[in-house]
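Asks: Compute the structure for the input listed below.
(one chain, ligands or ions: 2)
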Amino acid sequence: MNNDCIFCKIATNQLPSEKVYSDEEIIAFKDINPQAPVHILVIPKRHIISADELTKDDIELAGRMILIAQQIARQFHLDGGYRIQTNIGADGGQVVPHLHFHLLGGKKL
Ligand code: 5GP
Ligand code: ZN
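Replies: Ligands and ions are numbered 1, 2, ... in the order given. As a prediction, this is how the structure comes out:
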């Protein structure tokens, strides 16, 4: 938990969000400023800054994040395809420094 991190606060319910998935170590919620009809963020509850910080110990966590995104894509009927994206650092366009996978779909991207 990082007290200055909005996604840590969402993960611990100190800030509200529209959650679509939650388990012991991962949650998913709707993006506040959607860039597509379906725009969901999949995040670890643990404060990991970005995918660049992942280590071998996180292989299962990172794999599960992708499978959860896949499961949510099915739940939202993104049958024509979708995008899983993660931005890393300032040059990668990352604004919130807590690892998140964007799940985008529902239109031709
Ligand atoms: P980034 O640019 O870091 O890859 O993406 C951050 C995403 O988080 C953006 O799409 C932005 O709309 C979303 N976001 C920022 N603050 C909040 C918030 O408080 N609640 C929710 N649900 N999404 C947020
Ligand atoms: Zn955090």
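
Asks: The chain against ligand 1: which residues are in contact?
Replies: 6, 17, 29-33, 41, 87, 93-96 (Cβ under 6 Å from any ligand atom). Every residue, glycine included, has its C-beta placed from N, CA and C.

Asks: Save those residues as a markdown table, and put in distance to residue 49 too.
Replies: Shown next, in a markdown table, are those (distance: Cβ to Cβ, whole Å):
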| residue | distance to residue 49 |
| --- | --- |
| 6 | 13 |
| 17 | 20 |
| 29 | 19 |
| 30 | 22 |
| 31 | 19 |
| 32 | 20 |
| 33 | 21 |
| 41 | 15 |
| 87 | 12 |
| 93 | 15 |
| 94 | 9 |
| 95 | 12 |
| 96 | 10 |
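
Asks: Quick check: the two most widely separated of these?
Replies: Of all pairs drawn from the residues of the chain next to ligand 1, the one with the longest distance (Cβ to Cβ) is 17 and 93, at 21.2 Å.

Asks: which of the two has more neighbours?
Replies: Neighbour comparison, residue 17 and residue 93: the larger count goes to residue 17, with 19 against 9 (by other Cβ atoms under 10 Å).

Asks: Just give the nearest non-adjacent residue to the more buried one, would you?
Replies: Excluding the flanking residues, the one nearest residue 17 by Cβ to Cβ, 6 or more residues apart in numbering is residue 29, at 3.9 Å.

Asks: Show the pLDDT at the residue nearest the centre of the chain.
Replies: Most central in the chain under Cα atoms, centre = their mean is residue 42, positioned 2.2 Å from the mean C-alpha point. According to the prediction, residue 42 has pLDDT 99.
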